[in-house]
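Q: Build me a model from this:
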Amino acid sequence: MTLLQATDIRVRLGDNDVLAGIDVGLKPGELVGLIGPNGAGKTTLLRVLARLLDPDTGSLVYDGAPVAGIDRRAFAREVAYLAQNAPLHWPITVRRLVALGRIPRLGPWTRPTHADAAAIDTALAQADIADLSERIVTTLSGGERLRTLLARALATEPRVLLADEPIAALDPYHQLHVMQLLRELAGRGGAVIAVLHDLTLAARFCDRLVLLDGGKIVADGPPDAVLNPANIETVYRIDAHFGRVGDQAYVVPWTRRAPPGDEPC
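A: Take a look at the predicted model:
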């Protein structure tokens, strides 16, 4: 069963195909890493999946039903989106910001219930920011802001989480914490797709990797199959060291490859 399926997605900006013929699906229980170099189309694809950007062609199906026929509020209860570098301009507390994640689950003129408060408490704890709940969000560090926005998405209690660089601003402790959290969310029957640049964490925690380059899917499969030397060299233009700790793989970017035309004679 595929929970969220995108088929033949094409997005054009001017004369350029930002995405060209993308087919990607997300199954319950999966943590999928969306990887690739800057400008590959990862954020654009995530925005299409979140219904924030209409593709020029292609279709999107959620739980067997065309997304176009699903009420946006109902879709927002099922699918949460964590944006990259989302601005925080309002001087409100962390708890009040996280509480905004409950809006899709509240009816018109409905007050939050004890269940809403419990969902907010759980999200604060999951993102490891319960001790920051009364802080003003504009005073937070970059990493604290990112975890606050993650908590807001988690407070929705979605079946699907679309996360754009959820560990980019985090210290190593919290990178591992968030990746484990995403792994647990998927393990409870949900589904997560996350844009990642750390190839080792992608290899360790993800069930599947989708490698994008130039708006096209280069590879889609288990981490060991996708993160091979040929793909790393061709797509990222680097050489890397590969190894294992027990049954877990790691990939360490090591040297840049010369741009085309700059190779030594």
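Q: For R208, give me the backbone phi and psi.
A: phi -150, psi 150 (degrees, to the nearest 10).
Q: One more: D15?
A: phi -100, psi 0.
Q: Counting neighbours, what do you get for it?
A: As a burial measure, D15 scores 5 neighbours (other C-beta atoms under 10 Å). To be clear about C-beta, it is placed using only N, CA and C from the backbone, and glycine gets the same treatment.
Q: mind checking the longest helix of this protein?
A: In the chain, with assignment by DSSP state H, the single longest helix is helix 172-187.
Q: Would you tell me what the next helix or strand after that one is?
A: Downstream of helix 172-187, the first helix or strand assigned by DSSP states H and E is strand 191-195.
Q: Okay, strands next: where are they in this structure?
A: 4-13, 16-26, 31-35, 57-62, 65-66, 79-82, 160-164, 191-195, 208-213, 216-221, 238-245, 248-256 (DSSP state E).
Q: who does the second one touch, helix- and strand-wise?
A: So the one you mean is strand 16-26. The contact analysis (3 or more C-beta pairs under 8 Å, 6 or more residues apart in numbering; DSSP states H and E) places strand 16-26 against strand 4-13, helix 42-49, strand 216-221.
Q: Can you give the contact residues for the longest helix of the chain?
A: 29-31, 126-128, 143, 147, 150, 154, 161, 163, 166-167, 170, 192, 194, 198, 201, 204-205, 207 (C-beta atoms under 8 Å, 6 or more residues apart in numbering).
Q: And for stretch 8-26?
A: Contacts of stretch 8-26 (C-beta under 8 Å, 6+ apart): 2-7, 32, 41, 44-45, 48, 53, 55-60, 160, 191, 193, 210, 214-217, 220.
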